Structures are given as C-alpha cells and as structure tokens.
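Asker: Just to be clear, the model below is a prediction. Sequence and coordinates:
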Amino acid sequence: MNFSINTIMKGITASVFGAAFLLTGGTAFADYSCKSATFIVPYSPGGGSDQMARRLVPGLEEALGVKVNIVYKTGGGGAVGFSELHRSDPDGCTFSNTVVPNVIISSKGDGVGYEAGDFEYIGMTESSAGTLMVPKDSKYQSIDSFVAAALENPGMLTVAGTGGSGLSRWNQLEEVLGIETTYVPVGGGVGKMIPMLAGSHIDGAATGANHATKHKAIVNSILVAGSNEVPTLPGIPNEPDWNYVITWGLMAPPGTPADVVETLNAAMNSAAQSSSVQEALIKGGYVPHNMSVAETNAFMDAEIAKYAD
C-alpha cells in the first residue's frame, strides 16, 4: 500500500501522542476542554449511521466526561451533514460519522464544498457487506429468479439505494450480473428506504447486511457482496465480484489538532470496544474494527485513491 506524505506525517504525530498518552496513564480524557459535544449524523434516524451513533454515545460521554448531543443533518447522500461538519470549528467539540465510500463519492458532487481528504479522520469502528434485499412477498426469492426477470424485462425491475453512492455500487452489480434495472435514489438514508421495500413499492434494495439483519422479519436477502458469509444471514449466496462494503467511523473538521483527534480516537475505541457494543455489532451483521488514527488515515488514503477519477 502506498501512503501519502499526509498519512506519514499524521502517523508520526499519532505515534508520538500515543506514547505520551500511555506514559501519562491514559489521562488524555481529562484534557478534553469542550463543555459538550455535537455528533452530526448525516442520515435519517433508523439508518446505520444513527444506529452507530446511539451505540457509541453512552461510552463517549463516559470517556469524555461531557454530554454528547446527536444532531441530524440529512440530504444529498450525506453531503448536507458532511458539509456541516466541514464548516464547524476545529476544536474537537463537533464530529460526525464517517461513512465510506459515501463521504468520498458525495464529495464529487457539484458545490458540496469539501473534499474527502479535507477531514481529520478519528477512527473506524465497523463495516458491513452489501446485500441485495427483496420484499417478503416478492416473486423473486432467489438471485437466479431476480436475474431471470431482469433479463426478460430490461429496465422494468426497480432497485433502491441511498443517493449517488448507492447508484455506483448498484451499477457495479448490474454489470457483474449483466442486467439492466431502474435505480430509485432514496434521500436521507436507509431508514426511509426499508418501508418502501417492506411495502413492495420497489422490487429490490441494495444496502448493508446490518440492515438486512435488522429487518429480516419483513424483507428477504438474496445476495451478499464479497466472498465471506454473513453469520446473521446464513445460506445467502455470495457474489465475489461485487465489491460493496460500507465502513463506519468518526471524523472531525479540517484543522482539528492532532492531539485532540487522538483523544477522540481513544474515547471512540473505549466506547466501541465495550462488551455491549461488540455484542451488538456481531449480532447486527457487522464486522467490528479497532483502528488507530494512523491506521485510519492509511485506510482512507487507499479508499480515496480507489475512487479517484
């Protein structure tokens, strides 16, 4: 993996601060100067980002010693919330979900006012493989029947996703399967998409296995991205050539000092590694992560390069 100079410098800073943190017995939380914190969620209540925020907030409040307020700034495939964070003061008092690749894809939109590389990335906590879901009463209860119908009626089947990021990931699967459907972009997040699917207003939806797991009483999954089985969705076939993975974490405004980012990383990992959060992630169809700031910057550099024009 080729790391950028920005990543190397951030990694050096992270290592120096991390050593100081250990030598002081982990007292960095006491240096958190904010009276309260704002957690920007760029998608609607009920979606993966909202679920992540609600899991982390109790542990963040305990670690940081302040009230953490969730604020929803939805729209534009996450761009509204990401833009809000970009404009926020770089004092560590405001942070938001990182959603990859959404933050990268949305940055390419007209007039959004940010680049994916602008933010200070705090860490990554979890990921989830892409999943193709259909209504519970759908005629297409297997990927074979779905593909057969799409081939017989090009463009007639409707598949929903979240905004422009969902479109790029669905287009990839269309190409792999050799089918043509009509894409239905849903603004605001998966929380608004699931009712459309459950009500059979669309033929399918592509989103993370976490949502397929949470809503499997009202929707069926027929395909999982990648080569690994999702334990909460046993028996669902995989498509190795569908490279759809959603990764969540936290990020801060551009210019947030490195020591503050390290403090937030320590607080985030403390919250995320609690037994209750880990259990919720595994039961929820996620793969848990525990990344340092340096590891997160390396991951983001690679992801940004992957989506470069």
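Answerer: Ah, there it is. Numbers count the residues shown, from 1 in each chain.

Asker: Show the subsequent helix or strand relative to the strand ranked longest in the chain.
Answerer: Looking across the chain with DSSP state E, the single longest strand is strand 120-135. Remark: after strand 120-135, the chain's next helix or strand is helix 143-152, criterion DSSP states H and E.

Asker: first to last residue in stretch 202-220, what's the distance?
Answerer: Counting by CA to CA, to the nearest Å, you get 13 Å between the two ends of stretch 202-220.

Asker: ignore the last one, stretch 150-162
Answerer: 21 Å.

Asker: what's in contact with that stretch?
Answerer: 43, 77, 102, 132, 146, 149, 166-167, 169-170, 177-187, 189-190, 193, 196-197, 202-207 (CB atoms under 8 Å, 6 or more residues apart in numbering). (Each C-beta comes from the backbone N, C-alpha and C, glycine too.)

Asker: switch to 7 Å and redo it
Answerer: Contact with stretch 150-162 is made by 77, 149, 167, 169-170, 179-186, 189-190, 193, 196-197, 202-207, as judged by CB atoms under 7 Å, 6 or more residues apart in numbering.

Asker: how about low-confidence regions in the stretch 201-309 of the chain?
Answerer: 309 (pLDDT under 70).

Asker: ok, back up a step: narrow the contacts of stretch 150-162 to those that are buried.
Answerer: With burial judged by 16 or more other CB atoms under 10 Å, the buried subset of the contacts of stretch 150-162 is 77, 149, 167, 169-170, 179, 181, 184, 186, 189-190, 193, 196-197, 202-207.

Asker: quick revisit: alpha carbons only: can I get the longest strand of the chain in CSV?
Answerer: Below are the C-alpha coordinates for strand 120-135, written out as CSV (Å, rounded to 0.1, in the frame of the first residue of the first chain):
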residue,chain,number,x,y,z
GLU,A,120,-9.4,14.7,10.2
TYR,A,121,-10.3,11.0,10.5
ILE,A,122,-10.6,9.8,14.1
GLY,A,123,-11.1,6.0,13.6
MET,A,124,-13.2,3.2,12.1
THR,A,125,-15.4,1.1,14.3
GLU,A,126,-17.3,-1.3,12.0
SER,A,127,-18.1,-2.5,8.5
SER,A,128,-20.9,-4.4,6.7
ALA,A,129,-21.1,-6.2,3.4
GLY,A,130,-23.5,-5.1,0.7
THR,A,131,-26.7,-7.1,0.4
LEU,A,132,-29.5,-7.3,-2.2
MET,A,133,-32.9,-7.5,-0.5
VAL,A,134,-36.4,-8.0,-1.8
PRO,A,135,-39.9,-7.7,-0.2
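
Asker: So, low pLDDT: which residues of the stretch 51-200 of the chain?
Answerer: For the stretch 51-200 of the chain (pLDDT under 70), the answer is 163, 188.

Asker: Look up phi and psi at the closest residue in space to Asp137 that isn't next to it in sequence.
Answerer: Take Asp137 and drop its neighbours on the chain: the residue closest to it by CB to CB, 6 or more residues apart in numbering is Ser200, 6.3 Å away. Dihedral angles of Ser200 (phi, psi; degrees, to the nearest 10) stand at phi 60, psi 30.

Asker: If you drop the residues flanking it in sequence, what lies closest to Ile282?
Answerer: Ile282 sits nearest to Pro288 (CB to CB, 6+ apart), 7.0 Å away.

Asker: show me the contacts for the one you found.
Answerer: 126, 278, 281-282.

Asker: before we move on, what about Ile202?
Answerer: Contacts of Ile202 (CB under 7 Å, 6+ apart): 158-160, 184, 196.

Asker: These in strands, which ones?
Answerer: 158-160, 184.

Asker: Now distance to Ala272 too, for these, in TSV please.
Answerer: What follows is the ones in strands among the contacts of Ile202, written out as TSV (distance: CB to CB, whole Å):
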residue	distance to Ala272
Thr158	36
Val159	32
Ala160	29
Val184	33
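
Asker: Can you tell me which of these is closest to Gly117?
Answerer: Closest to Gly117 out of these is Ala160 (29.7 Å), distances taken as CB to CB.

Asker: got the angle between the one helix or strand Met52 maps to and strand 120-135?
Answerer: Met52 is part of helix 48-64 when elements are defined by DSSP H and E. Angle of helix 48-64 versus strand 120-135, following axes from the mean of the first three to the mean of the last three CA atoms, to 10 degrees, is 140 degrees.

Asker: Tell me which helix or strand the spatially closest residue to Asp31 that is not a sequence neighbour sits in.
Answerer: Closest residue in space to Asp31, ignoring its immediate chain neighbours: Thr263 at 6.5 Å, by CB to CB, 6+ apart. Assigned by DSSP H and E, Thr263 belongs to helix 258-272.

Asker: next one: phi and psi at Asn238?
Answerer: phi -100, psi 150.
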